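Asker: the following block contains a protein sequence and its predicted model.
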Amino acid sequence: MEIIMSVAIGFLFMAAVYLMLSKSLIRIIIGTGLLSHGAHLLLLTMGGLGGQAPPVVADGVSVGDYADPLPQALILTAIVISFAVTSFFLVVAYRSYQELGTDNMEQLRGTDDYE
Amino acid sequence: MRTNDVMLQTATKVVTFIILMFAVHIFFAGHYTPGGGFVGGLLTTSAIVLLMLAFDVKTVKKILPINYVIMTAVGLLIAIATAAASIIFDVPFFTHAYDYFDLPLFGKTSLHSAMLFDAGVYLVVVGVTMTIIQTIGEDE
Amino acid sequence: MTMSNMLLFPILIPLVFATILMVFPKNVRMQRIVAAAGTLFTLIASLFLLVKVNNDGVQAITLGSWPAPFGISMVSDLLSVLLVISSSLITLFVVLYSFPSIGIKREQSFYYPAVLFLMTGVNGAFTTGDIFNLFVFVEVLLMASYTLIVHGGEKPQLRESIKYLLVNIISSALFVAAVAFLYSVTGTLNMADLAVKIPQIESTGILTVIAVLFLVVFGFKAAIFPLYFWLPGSYHAPPMPILALFGALLTKVGVYAIMRTYTLFFVMNTGFTHELLGIVAILTILAGCVGALAYFDVKKIIIYNIIIAVGVILFGVSQLNEAGVQGSVFYLIHDMLIKAALFFLVGIIAVLFGTTDLRKMGGLIKTYPVLGWVYLIAAFGLAGIPPLSGFPGKLLIVQGGFEGPQFWGSLVILATSLIVLLSVVRIFIYAFWGNPVETMPVTKTVYRQMFVPTVILVSFTVVLGVGAEFFMPLISGAGEVLLNPALYIDAVLKE
């Protein structure tokens, strides 16, 4: 299972890098979304995927059966943060599209008013 | 271009309330099972967004005249106050109190101060998401 | 009352005040009063905390009454409390400096709440004892910094904020990945617990990889050698008070994180990791020097000086000996104060001339002589001329380098001090000497409102330098905890 997950994470990172290297701002934002998905899955996988029982002490459950609750808590936090950042990024992208009239990163090079 | 959205509007009038009820359910379910303030807040937002899609931003503003920024602030204050109550009792920050009560109608119920914290989270999530959606959605 | 939660006050007070400020955004008078009060209370709370930490040793608390390695620990040792005091002081002065200079329009659209949220994140990052919680606080301060960098929505701001956002989102994703690897190898994220567990792990190879990954992550925030590329452009866009806040605080969080992790637990393979850190630090200094001399833009010159200082501080840390680490702590505090002061000063100069281009300036010494001399003091302080505040820190770092393995690094630092001096004196020569250029009509009150906080901040740096003997016990106490992790570990895992 860990192997499959690792391949999936690698694929997500690959797709994210591909999208982030494109010129269109909206593709870059989708890329950052995929990148954080990959990072979250990595967090889950690295915590170990074993364990079925909820992490509550109960009769007849040995230590190895518990699912590790920590990566889940960490992922939840990380997802909320990336949700907030991505939505903020979308708002900024939309505003700058209105103000600057382009979503092409080539035209967003900052060299105009200073040297 | 104005499309005929009678079907969407009629369905929305029913579905919105189902979503809102489900949001309340998820919010309280978060006590011991998956759910909680964050998901409940997102569901509530989705109900409001559905209203916005079916009708329009101005109508929804008339129905729900809420300043979402203030809603966020109130939610944050509730959450901080719940966590900071532990300062008065001189136990580590975020320590929660809970007990079981026999309430009429509900029977034996566990009440937990984490619920108040979650209520704050709920308000923050609704407030922030609605602010974002309004910022993008308002201008034509 | 014993107040075991005291170390949380510098985080909670700005958070509460920021929330209150969100309720009445349009009332500028109240915004100013409440924001100034919030930062002042934070400063007072952190001073009380300093007294407590100095008397009773390292303070630690684990949130939610969890036993120590399982909950989120918050730890306040001398280093973190000194940094919290510096950041609170600087934020207070930035708020005061903003009154005349930021503009009513910005003040009415959640400027002060964003500043206070930034303060929450910075103070939290300095205080936390948990590596994932560090990520959370860094995100809090980044979120506030995103708001501030785009605040006002001018075209260059929008353009630069997109790049700033993108760089930081990528480094945050790397942060999560690095935390994931660390957790899979050690099974813990509590810093004190990591310091216990890491020496027990035999395969140091994988830990070295993780340590370098963390160096990359924190290096993005701290702007170390190849990763500083985003900083000059992004910092150039926002107005001066925000730039002062960013320049003084944001990169320092990254520097602090490297300092903490590279002394507390990533010490299993110092021959590789710390040598790498030393080399990168020297390259950072050199890259910053090139930039500081290359531009005729006052903002850019000081911005590149941020990068130079990051290199100097990290070189001291990489030597991992008493003099080097103490020097880094001293220089870090000095640099936070002096950078804020210098940005304030060039902010006034830029307002007076209506431009940031040095070639369009001149002759200010005739009309504003006091400003000139105060600027010169700050510039000498930055370059480390005794008895000003840059001197003791740099002296100790250089001494640490000579005692440590990379003596050539100390030679580079000594040589580049002259370049630092040249770069800031260039501003003095261009702006204050030469033929007078017509200045903008600036009213006496506005000038005074900008100048008074600046002078007080500069005088703080002078006190820090002249009274170095008085501050040294605190600095050496902070260095002692860094070099002797047992103090830190015992305080956290005491139960």
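Answerer: Now that the structure is in, tell me what you want to look at.

Asker: so where is chain A shaky, pLDDT-wise?
Answerer: Along chain A, segments meeting pLDDT under 70 span A:110-115.

Asker: kindly report the residues of it close to chain C.
Answerer: Contact residues, chain A versus chain C (Cβ under 8 Å from any Cβ of the partner chain): A:20, A:25, A:28, A:32, A:35-36, A:38-40, A:42-43, A:45-48, A:70-71, A:74, A:77-78, A:81-82, A:84-85, A:88-89, A:92-93, A:95-96, A:99-100, A:105, A:108, A:110, A:112-115. No exception for glycine: its C-beta is placed from N, CA and C like everyone else's.

Asker: of those residues, keep whichever come out buried.
Answerer: Among those, those classed as buried by 16 or more other Cβ atoms under 10 Å in any protein chain shown are A:20, A:25, A:28, A:32, A:35-36, A:38-40, A:42-43, A:45-47, A:70-71, A:74, A:77-78, A:81-82, A:84-85, A:88-89, A:92-93, A:95-96, A:100, A:105, A:108, A:110, A:114.

Asker: list the contacts of residue C:248.
Answerer: By Cβ atoms under 8 Å, 6 or more residues apart in numbering or on different chains, the contact set of residue C:248 is C:87, C:90, C:94, C:336, C:337, C:339, C:340, C:343.

Asker: just the element for the residue in chain B that chain A sits nearest to, please.
Answerer: Distances between chain B and chain A by Cβ to the nearest Cβ are smallest at residue B:132, namely 4.9 Å. Residue B:132 is located in helix B:114-138, with elements delineated by DSSP states H and E.

Asker: about what we covered before: what about the residues of chain A next to chain C, which are in helices?
Answerer: A:20, A:25, A:28, A:32, A:35-36, A:38-40, A:42-43, A:45-46, A:70-71, A:74, A:77-78, A:81-82, A:84-85, A:88-89, A:92-93, A:95-96, A:99-100 (DSSP state H).

Asker: pick out the residue closest to the middle of chain A.
Answerer: Closest residue to the average C-alpha location of chain A: residue A:36 at 1.0 Å, with Cα atoms, centre = their mean.

Asker: quick one: contacts for residue 47?
Answerer: Using chain A here. Residue A:47 touches A:68, A:70, A:71, A:72, A:74, C:180, C:183, C:184, counting by Cβ under 8 Å, 6+ apart.

Asker: wait, I meant chain B there
Answerer: B:16, B:19, B:20, B:23.

Asker: re the thing from before, among the contacts of residue A:47, which one lies nearest to chain B?
Answerer: residue A:72 (10.3 Å).

Asker: the closest one contacts residue A:44, correct?
Answerer: Yes - the pair residue A:72 / residue A:44 is scored as a contact, 7.5 Å apart, by Cβ atoms under 8 Å.

Asker: which of the two has more neighbours?
Answerer: Higher neighbour count among residue A:72 and residue A:44: residue A:44, with 17 against 14, using other Cβ atoms under 10 Å in any protein chain shown.

Asker: restrict the lowest-mean-pLDDT helix or strand in chain B to CA atoms and write it as PDB.
Answerer: The least trusted helix or strand in chain B, going by mean pLDDT, DSSP states H and E, turns out to be strand B:107-112, with a mean of 78. Presented in PDB, the C-alpha positions along strand B:107-112 are these (Å, rounded to 0.1, in the frame of the first residue of the first chain):
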ATOM      1  CA  GLY B 107     -31.500  12.200  28.800                       C
ATOM      2  CA  LYS B 108     -28.000  11.600  29.800                       C
ATOM      3  CA  THR B 109     -25.900  14.100  27.700                       C
ATOM      4  CA  SER B 110     -22.200  14.900  27.800                       C
ATOM      5  CA  LEU B 111     -21.500  18.600  27.700                       C
ATOM      6  CA  HIS B 112     -18.000  19.700  26.700                       C
END
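
Asker: which residues touch it?
Answerer: With Cβ under 8 Å, 6+ apart as the test, strand B:107-112 has contacts from B:31, B:96, B:97, B:98, B:99, B:100, B:101, B:102, B:103.

Asker: which residues sit in contact with the fourth one?
Answerer: With contact taken as Cβ under 8 Å, 6+ apart, residue B:98 is in contact with B:110, B:111, B:112, B:113, B:114.

Asker: and the pLDDT at residue C:442?
Answerer: Residue C:442 carries a pLDDT value of 84.

Asker: surely it touches residue C:353?
Answerer: No - if you go by Cβ under 8 Å, residue C:442 and residue C:353 don't touch, sitting 10.2 Å apart.

Asker: the two: who's more crowded?
Answerer: Legend: neighbour count by other Cβ under 10 Å for residue C:442 and residue C:353, higher for residue C:353 (20 against 15).

Asker: so what's the more buried one closest to, chain neighbours aside?
Answerer: Leaving aside its chain neighbours, residue C:353 sits nearest to residue C:361 (5.0 Å; criterion: Cβ to Cβ, 6 or more residues apart in numbering or on different chains).

Asker: before we move on, what about residue A:31?
Answerer: Computed as Cβ to Cβ, 6+ apart, the closest residue to residue A:31 that is not its neighbour in sequence is residue A:19, at 3.1 Å.

Asker: count the neighbours of the one you found for me.
Answerer: Neighbours of residue A:19 (other Cβ under 10 Å): 19.

Asker: quick check: the gap between residue C:155 and residue B:114.
Answerer: Taking Cβ to Cβ, to the nearest Å as the measure, residue C:155 falls 46 Å from residue B:114.

Asker: more neighbours: which of those two?
Answerer: residue B:114 (19 against 14).

Asker: just the strands in chain B please.
Answerer: Per DSSP state E, chain B carries strands over the ranges B:98-103, B:107-112.

Asker: looking at the stretch 101-250 of chain C, which residue is nearest chain B?
Answerer: Counting by Cβ to the nearest Cβ, the stretch 101-250 of chain C gets nearest to chain B through residue C:110 (8.1 Å).
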